[in-house]
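Visitor: I would like the atomic coordinates for the input below:
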Amino acid sequence: MENPLIQHNNQKNAGPAWSGLFKPGQCPLFLAPMEDITDPPFRRICRKLGADVVVTEFISSEGLIRDISGSLKKMEFAEEERPAGIQIFGNNVNSMVEAAKVAEQAAPDFIDLNFGCPVKKIVSKGGGAALLQDLPLMLRITESVVKAVKLPVTVKTRLGWDESSKPIVSLAMQLQDAGIAALTIHGRTRSQMYSGKADWTLIAEAKNQPGLVIPVIGNGDVIDGPSAMAMLRETSVDGIMIGRATVGNPWIFSQVKHFMQHGAELPAPALAERLSVCRTHLHESVLWKGERTALLEMRKHYSHYFKGLPDFKPFKMKLMLCAEYTGVKEIFDEIETFYLQDAQITPKNN
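Guide: Coordinates of the predicted model:
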């Protein structure tokens with residue numbers, strides 16, 4: 001029997017980069033959209049190191065329809081990033097429809113609707129996870145966007161607003177009826193933010209309910225190969241989305257794939273490789289967004305890129321305080337020289 005997603009996508013003019021993702025026996029790995037993290041330089045690195053699908057940072061629908069330069073720039077992606085999706089957020093039906101049309105002109109492989117971001121500045125404006133408090137509006141937005149564009153439309157959301165409201169099982173079916181091509185479920189409520197343990201049981205219940213045929217992508221607490229395999233076994237999801245565990249650790253995708261194929265974990269990358277990728281990441285970030293912004297945003301990655309290195313704290317402090325690109329490059333050289341006595345040193349996984 002033909003995959004229901006491919007049937008749906010044929011109707012939505014999906015290209016092969018999207019429609020060929022969910023083949024039997026495969027579990028594509030998605031890079032989760034994260035503000036100030038999943039920019040083009042990082043997305044390209046993740047694709048090279050095993051990510052199957054990437055998604056832009058979330059983009060304001062109001063910003064797109066008003067031609068705000070920052071929002072428009074976030075839509076840009078390179079061909080080597082495909083399959084790539086553009087994620088938009090908002091709480092106005094007309095604005096979301098018009099923004100989706102603008103996004104479609106950039107020719108991504110799909111458009112993702114953000115109904116799960118828990119951040120206060122988004123929720124306070126009625127976007128992201130705030131729509132979990134107004135499911136009729138969420139469904140109107142979804143159905144309207146699906147009808148307005150030819151590309152596949154996907155949704156990323158959470159279990160619900162809080163412990164007393166977790167409608168994800170019935171919501172999954174309603175979103176399917178609204179025409180979406182796939183659904184990503186983060187196994188937490190909005191009130192949890194990113195704390196506590198993700199609840200995979202509701203992801204499994206939503207995924208395995210009779211009548212749900214669209215792919216379900218699981219998200220939450222996947223940090224390595226064993227946890228990815230556990231999610232797959234416990235939920236039967238069609239794909240896995242990885243977010244915070246990728247920061248400074250784009251190798252996680254190849255590590256997860258190796259574990260799924262061989263049942264064994266790969267060692268952490270040697271220092272030489274970590275330095276090489278970090279240098280590339282910083283260089284491309286400076287080219288993409290300018291020195292000042294790139295240096296500020298790269299600070300989120302440094303401690304993870306060099307996690308497990310003994311006596312690394314002094315170098316970390318230098319990296320966090322340095323405000324010049326040339327200075328950071330010199331610190332990288334110092335790191336390389338300091339650990340030169342064992343050029344292939346492999347940081348511990350701790």
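
Visitor: Over the one helix or strand Ala17 maps to, what's the mean pLDDT, rounded is fine.
Guide: Element membership for Ala17 (DSSP states H and E) is helix 16-19. When pLDDT is averaged along helix 16-19, the result is 69.

Visitor: Could you do stretch 279-299 as well?
Guide: 96.

Visitor: List the contacts of that stretch.
Guide: With C-beta atoms under 8 Å, 6 or more residues apart in numbering as the test, stretch 279-299 has contacts from 36-37, 39-42, 44-45, 301, 319-320, 322-325, 328-329, 332. From N, CA and C alone the C-beta is placed, and that goes for glycine too.

Visitor: Show the buried residues in those.
Guide: Buried members of the contacts of stretch 279-299, counted by 16 or more other C-beta atoms under 10 Å: 37, 39-42, 44-45, 301, 319, 322, 325, 328, 332.

Visitor: With distance to Ile141 and secondary structure added, can I get those in CSV?
Guide: Converted to CSV, these look like this (distance: C-beta to C-beta, whole Å; DSSP: H, G, I helix; E, B strand; the rest coil):
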residue, distance to Ile141, secondary structure
Ile37, 25, coil
Asp39, 26, coil
Pro40, 27, helix
Pro41, 31, helix
Phe42, 28, helix
Arg44, 31, helix
Ile45, 32, helix
His301, 33, helix
Leu319, 42, helix
Cys322, 43, coil
Tyr325, 41, helix
Val328, 42, helix
Phe332, 45, helix
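
Visitor: which of the residues you listed are the two that sit furthest away from each other?
Guide: Arg44 and Cys322 (24.1 Å; C-beta to C-beta).

Visitor: Where do the domain boundaries of this structure fall?
Guide: 4-262, 271-342 (automatic domain parsing).

Visitor: Now stretch 86-102: buried residues?
Guide: 86-93, 95-100, 102.

Visitor: And those residues, which is closest to Val149?
Guide: After measuring these against Val149 - C-beta to C-beta - the closest member comes out as Ala100, at 5.1 Å.

Visitor: average pLDDT for the strand or helix carrying that closest one?
Guide: According to DSSP H and E, Ala100 maps onto helix 93-105. Helix 93-105 shows a mean pLDDT of 95.

Visitor: For the stretch 251-350 of the chain, give me the ranges with low pLDDT.
Guide: 341-350 (pLDDT under 70).

Visitor: Tell me which stretches of it form helices.
Guide: 252-262, 271-289, 291-305, 313-321, 325-338 (DSSP state H, counting those that start in this stretch).

Visitor: Turn the ones you listed into a markdown table, columns for distance to Ser195.
Guide: Listed next are these as a markdown table, based on distance: least, C-beta to C-beta, whole Å:
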| stretch | distance to Ser195 |
| --- | --- |
| helix 252-262 | 21 |
| helix 271-289 | 28 |
| helix 291-305 | 18 |
| helix 313-321 | 24 |
| helix 325-338 | 32 |
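
Visitor: all helices of the stretch 51-200 of the chain, in order?
Guide: According to DSSP H, counting those that start in this stretch, the helices that the stretch 51-200 of the chain contains are 61-65, 69-74, 93-105, 120-123, 135-148, 168-177, 200-207.

Visitor: hmm, who's touching the following helix or strand past the last one?
Guide: Going back to what we said before, that points to helix 200-207. Counting by DSSP H and E, the next helix or strand C-terminal to helix 200-207 is strand 216-219. The contact list for strand 216-219 (C-beta under 8 Å, 6+ apart) reads 30, 32, 156, 172, 182-187, 198, 200, 203, 206-207, 231-232, 235, 237-243.
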